[in-house]
Structures are given as structure tokens and as C-alpha cells.
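Undergrad: From the sequence below, what's the structure:
(chains A and B)
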2 protein chains.
Amino acid sequence: MQDKELLTFFGSKVQQIRTHKGLSQETLAELTDLDRTYISSIERGRRNVSLINIYRLITALDCQPHELFPVKGEAL
Amino acid sequence: MQDKELLTFFGSKVQQIRTHKGLSQETLAELTDLDRTYISSIERGRRNVSLINIYRLITALDCQPHELFPVKGEAL
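TA: Below is the predicted model:
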């Protein structure tokens, strides 16, 4: 998987889970102690998010790590 | 979990899985297209690894994302 595709995949999953759980970007920003505009750029696939921020997202979204990563061999 | 603990946890898991699979740091460096010294600093908990490099490690180690992240509520 190309790097750009991975960032887009990750961002779309964050958005999907966030909206599924009825959280606004503002609320997710508060829960993760990240800026709302940063959350927005993550969701648009513009950020190569760091481990620490990935773990903050996993915790705030109360999801499993595998939900944010492509399953091996998964086509997009 | 404190950020520093997360980096240490992640690094120890990378090392654990790498050695369990009989891979040297050199081989993992080749598989991930990362520098061996970078692999070494990841394993020592010194790196806030990016999403792209985390996914390279997951792919190269042929492991599941959850194997590299703490289970919620998991004490260290």
C-alpha cells in the first residue's frame, strides 16, 4: 500500500468511527488534547500521525488498533 | 499511559516480535527500508514512530496492529 493511501485510509477510518460514535471533531479534539484543525487534516489524509497521537485517538475513540489499520492484502 | 511509557512499550514489542521471528535488526531494517540505527532507537523507546513507519513494521513483522499497542487498562 502506498504511503498516501495509508494516510487516506487511516483518516477515513478515524472519521468513520468518530461519526459512528456521534462525536464532533471539537469533542475528539478535546478528548485527545489535539487541535480541531489537526483532527480535520488527519481525517483528510494529510497527516502522517505519530504513535503517541494514534494511541490518543484509539483511546478517545474507544476502538481497537486494527480498526484504524488496513487488513493485510485489503484492497482500498 | 504516559507518552514515554507508550514509546517504551511499543519498542519492546517490536523487539519481542522481531526476535521471536528470528529476524535481526539488519533484516528488519531492509524489510522496512529504514535505517538499522533507527530500528535500534525504536526498540529502545526513543522514537515517536510515524503511522507510515508503524505500518511498515506491522507488514515486515507480519503481526497484528494490536500486538504493538497496549490493551486498554493494561498495566505495564
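Undergrad: Run through the residues of chain A sitting next to chain B.
TA: With CB under 8 Å from any CB of the partner chain as the criterion, chain A comes near chain B at residues A:1, A:3, A:6-7, A:10, A:47-52, A:54-55, A:58-59, A:62, A:64-66, A:68-70, A:72. Every C-beta, even on glycine, is put in place using the N, C-alpha and C of the backbone.
Undergrad: Give the residue spans of chain A that score low on pLDDT.
TA: For chain A, residues meeting the criterion pLDDT under 70 lie at A:73-76.
Undergrad: from the residues of chain A next to chain B, which ones fall inside helices?
TA: Those of the residues of chain A next to chain B mapping onto helices are A:Asp3, A:Leu6, A:Leu7, A:Phe10, A:Leu51, A:Ile52, A:Ile54, A:Tyr55, A:Ile58, A:Thr59, per DSSP state H.
Undergrad: The fourth one: neighbour count?
TA: It stands for A:Phe10. A:Phe10 has 25 neighbouring residues, counting by other CB atoms under 10 Å in any protein chain shown.
Undergrad: In terms of helix, strand or coil, where does the spatially most central residue of chain A fall?
TA: Nearest to the geometric centre of chain A sits A:Val14, at 3.2 Å (CA atoms, centre = their mean). State at A:Val14, reduced to three classes by DSSP: H, G, I helix; E, B strand; the rest coil: helix.
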